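J.: no sequence on hand, only this structure:
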Ligand code: ASP
């Protein structure tokens, strides 16, 4: 990893210190004539395009991934790498900003919220819809405001000591956010949890919804195991028995996020319910998440979800699919028995579900 130091404007003897972790994404991309597409590029061009960064009155250092990624190539090993970088630098820095592609940012934010146990400092992910070298880019505002939020303190304590996504004026809890827009600048939403801050002329914090800073925190613990033997299965009218059976019989499969309709409903065809029951008996864990962005799963409300409840499908309540699949990977990675995994899934651990 390479480190860049950005000269700050601070006159303080002990300025706030922010570490930026640059992983890639559109924010730093340039056009590549060979592949005829956008590709991630060296961090060095970013400060050239962003002279404002030198005007901040806190210290900013940047660590860059060697292999810069379009976030579609992001994998659990990269989440763990980011978590370890945060752990290694936790005592030297007051907060962290992660520059990341938007495509899988919500997955990374969710995963980090579980992997960084006892986090008590801000970790703000941001990126852009247009590269920083483009005249109408959104990268500058996103990056500068994410830095300001990361550095923001009240009574010498960070205001937002949790994993968040900052994008297009909104600060969202990371494990509640979803990418819902690929063309307009408002790429992220958080349908089931209030916005944590809104940046206009001032940055207005929504204090009641922000995790509280702990004066006597437990030491940061980084989890390094996630289990990738999982799948997201989105139901659709007409899904066939052969599709279901082939998914349920994948060798080594341990967990399924079942994206159901509405309040957690699924077909009541005997072949479907029998297949789910057989898979559960084999030890596969089912986590029921709604295809709707807003609202929640209420198993048992309709007859079409009663059997799921009876046979032990775990309700995902109002969790997003991104937060659910990463939670399932994290919980299975704890190498514990299925009952404990289910208990982890049911319990809100870092504000990912109500
Ligand atoms: N494909 C890009 C990525 O996720 C999109 C972006 O950054 O906005 O890395």
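T.: Nice, thanks for sending it over. Just so we're clear, the structure is a prediction, and the values are computed from it rather than from any experiment.
J.: how about the residues of this structure near the ligand?
T.: Contact residues, the chain versus the ligand (Cβ under 6 Å from any ligand atom): 25-26, 70-72, 101-103, 127, 129. Any C-beta I mention is one placed from the backbone N, CA and C, and that applies to glycine too.
J.: ok, of those residues, which one's closest to the ligand?
T.: Nearest to the ligand out of the residues of the chain next to the ligand is residue 101 (Cβ to the nearest ligand atom; 1.9 Å).
J.: make sure that closest one is indeed in a helix.
T.: No. Residue 101 sits outside any helix when classified using DSSP: H, G, I helix; E, B strand; the rest coil, being coil.
J.: please enumerate the strands of the stretch 51-200 of the chain.
T.: Residue ranges of the strands in the stretch 51-200 of the chain, as given by DSSP state E, counting those that start in this stretch, are 59-69, 95-99, 116-117, 123-126, 153-154, 157-158, 163-167, 170-173, 178-179, 188-189, 197-199.
J.: other residues contacting the third one?
T.: In this case it means strand 116-117. The contact list for strand 116-117 (Cβ atoms under 8 Å, 6 or more residues apart in numbering) reads 83, 86-87, 123, 163, 220-223.
J.: so what's residue 48 scoring on pLDDT?
T.: At residue 48, the predicted lDDT confidence score is 87.
J.: same question, residue 7
T.: On pLDDT, residue 7 comes in at 68.
J.: just the buried residues of the residues of the chain next to the ligand.
T.: 25-26, 70-71, 101-103, 127, 129 (16 or more other Cβ atoms under 10 Å).
J.: could you dump these to CSV with pLDDT and distance to residue 314?
T.: Below are these laid out as CSV (pLDDT from 0 to 100; distance: Cβ to Cβ, whole Å):
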residue, pLDDT, distance to residue 314
25, 96, 33
26, 96, 35
70, 97, 33
71, 98, 28
101, 98, 30
102, 98, 29
103, 98, 27
127, 98, 32
129, 98, 35
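J.: the lowest-mean-pLDDT helix or strand in the chain versus strand 59-69: what angle between them?
T.: Ranked by mean pLDDT, DSSP states H and E, the helix or strand of the chain with the weakest confidence is strand 2-6, at a mean of 74. With axes from the mean of the first three to the mean of the last three Cα atoms, to 10 degrees applied, the angle from strand 2-6 to strand 59-69 works out at 150 degrees.
J.: okay, the angle between whichever helix or strand comes after strand 2-6 and strand 2-6?
T.: Of the helices and strands lying after strand 2-6 in sequence (DSSP states H and E), the nearest is strand 17-24. Here strand 17-24 points in a direction 130 degrees away from that of strand 2-6 (the same axes, to 10 degrees).
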